[in-house]
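Student: no sequence on hand, only this structure:
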C-alpha cells in the first residue's frame, strides 16, 4: 500500500468507486485522486494540515502526495483515481502542475469552477457506468477525462493562481514553474535561492518577494516541506536509517531533518515511523472502509 497501486491494465485510465471511509493510513499513489463527499464528512490530512470535507465538498490529491483519511461522521465518498501515465500525457508540453483544489477552503463553495468540476465528474461517472461492450466506451471516457483535466489545470494550477482566484502574470508563472522543475526530486543538489535567481536572471530580493507574496511563505519553507514529505515516504516505505534518509533528502545533518520534520508533522521522524510504519497485517487492519459501489 506504500505506495498504493491501482491496476489500469484493462485499458481504462480511471477507477471510480464509492466508499464509506472510517480510516485510511498515510499513503500515496501514481494517480490523481478526486474526492467528492456525497454524504456526511471526512478528514484528509496532508502534512500538518487537516482538512474537513463536508457534504458536496471536493478536493484533489496530487500524484505522489502523502495523505491519510479519517472519518469525522458517517459518510459516502466518491473517489476518482486517474492514471498517472494518462494525466502526464494530457499535460501541455509535459510541464509540471501542482493542483490546489479544495472547496472547503472557500466560503463560496458553489463557485462556477467547482460547479463545472462537479458536472465533469457526473459525466465521467455516467460514462464509466455505460455499456462496456460499446465500441466507443473507452474513447468516450478518455475524451471526458481530457476535458476535465483541461478544466482542472486551467482553474486549479497552484503555480498560476496561488491561493487566490486571479491568475499571476504569465512570465511570473513560467518563472515559478522553472523553479519547481529545477528542484524536481534532486534534493541532494540542495539549490539555494541565489542559484535559482541567477538561473532566472533576477535579483534574490525580487525572487524572494515574489514567492512570499504569491504563496504566503518563503522559498525555504517550500523547499523544507518538499524535503520532509520525501523523508516521510522513505520512513514509511523503506527500512533506511534516519541518518541515511536525512542525507538522501538534502539535509547535511539528521538534526536539521528532525527540526523541520517536527514543524510539518508535529513529531520527530523516529516517532512518525514508530506510529505509522506497520507490517503488512497491521497496516491492513488499519484500512477501514465499506465498499458501497464499484463502477
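Tutor: It's in. On a predicted model such as this, the values are computed, not experimentally measured, just so you know.
Student: got any ranges where the protein has weak pLDDT?
Tutor: 1, 93-94, 107-110, 182-192 (pLDDT under 70).
Student: tell me the centre residue of it?
Tutor: Centroid-nearest residue in the chain, with CA atoms, centre = their mean: residue 62, separated by 2.3 Å.
Student: how far away is that one from residue 30?
Tutor: The gap separating residue 62 from residue 30 is 11 Å, by CB to CB, to the nearest Å. No exception for glycine: its C-beta is placed from N, CA and C like everyone else's.
Student: quick one: the helices in the stretch 51-200 of the chain, in order.
Tutor: Here the stretch 51-200 of the chain has its helices, by DSSP state H, counting those that start in this stretch, at 84-90, 112-128, 137-156, 158-161, 170-183, 193-200.
Student: quick revisit: which residue packs closest to the residue nearest to the centre of the chain, ignoring adjacent ones?
Tutor: Closest residue in space to residue 62, ignoring its immediate chain neighbours: residue 99 at 5.5 Å, by CB to CB, 6 or more residues apart in numbering.
Student: for residue 240, same thing?
Tutor: residue 234 (5.8 Å).
Student: just residue 105 next, same as before
Tutor: Going by CB to CB, 6+ apart, residue 105 has residue 51 as its nearest residue, at 7.7 Å.
Student: who is the one you found paired with across the strands?
Tutor: Counting by DSSP bridges, residue 51 is bridged to residue 44.
Student: what is the burial count for it?
Tutor: 16 (other CB atoms under 10 Å).
Student: which residue, neighbours along the chain excluded, lies closest to residue 125?
Tutor: Nearest to residue 125 is residue 16, by CB to CB, 6+ apart, at 5.8 Å.
Student: hang on, that neighbour in a helix?
Tutor: No: counting by DSSP: H, G, I helix; E, B strand; the rest coil, residue 16 is not found in a helix; it is strand.
Student: rewinding a little: residues near the residue nearest to residue 62, how many?
Tutor: Neighbours around residue 99, by other CB under 10 Å: 22.
Student: likewise residue 61?
Tutor: Neighbour tally, residue 61, other CB under 10 Å: 24.
Student: which residues touch it?
Tutor: Counting by CB atoms under 8 Å, 6 or more residues apart in numbering, residue 61 touches 32, 33, 34, 35, 44, 46, 67.
Student: likewise residue 203?
Tutor: Contacts of residue 203 (CB under 8 Å, 6+ apart): residue 197.
Student: try 6 Å this time
Tutor: Neighbour list for residue 203: empty [criterion: CB atoms under 6 Å, 6 or more residues apart in numbering].
Student: gap between it and residue 177?
Tutor: Distance from residue 203 to residue 177, by CB to CB: 19 Å.
Student: and what of residue 31?
Tutor: In terms of CB to CB, residue 31 sits 22 Å off from residue 177.
Student: between those two, which is the more surrounded one?
Tutor: Comparing residue 31 with residue 177 by other CB under 10 Å, the one with more neighbours is residue 31, at 27 against 17.
Student: quick check: bridge partners of the closest residue to the more buried one other than its chain neighbours?
Tutor: Spatially, and ignoring its direct neighbours in sequence, residue 31 is nearest to residue 81 (4.4 Å; CB to CB, 6+ apart). As for beta bridges, residue 81 partners with residue 15, residue 33 under DSSP bridges.
Student: isn't residue 81 right up against residue 6?
Tutor: Yes: using CB atoms under 6 Å, residue 81 is in contact with residue 6, at 5.3 Å.
Student: show me the common contact partners of the two, please.
Tutor: Joint contacts of residue 81 and residue 6 (CB under 6 Å, 6+ apart) are 15, 31.
Student: which of the two has more neighbours?
Tutor: residue 81 (20 against 15).
Student: for that one, list the residues it contacts.
Tutor: 6, 15, 31, 33.
Student: looking at these, which is nearest residue 133?
Tutor: Set against residue 133, the nearest of these by CB to CB is residue 15 (19.3 Å).
Student: state the number of residues packed around the closest one.
Tutor: 19.
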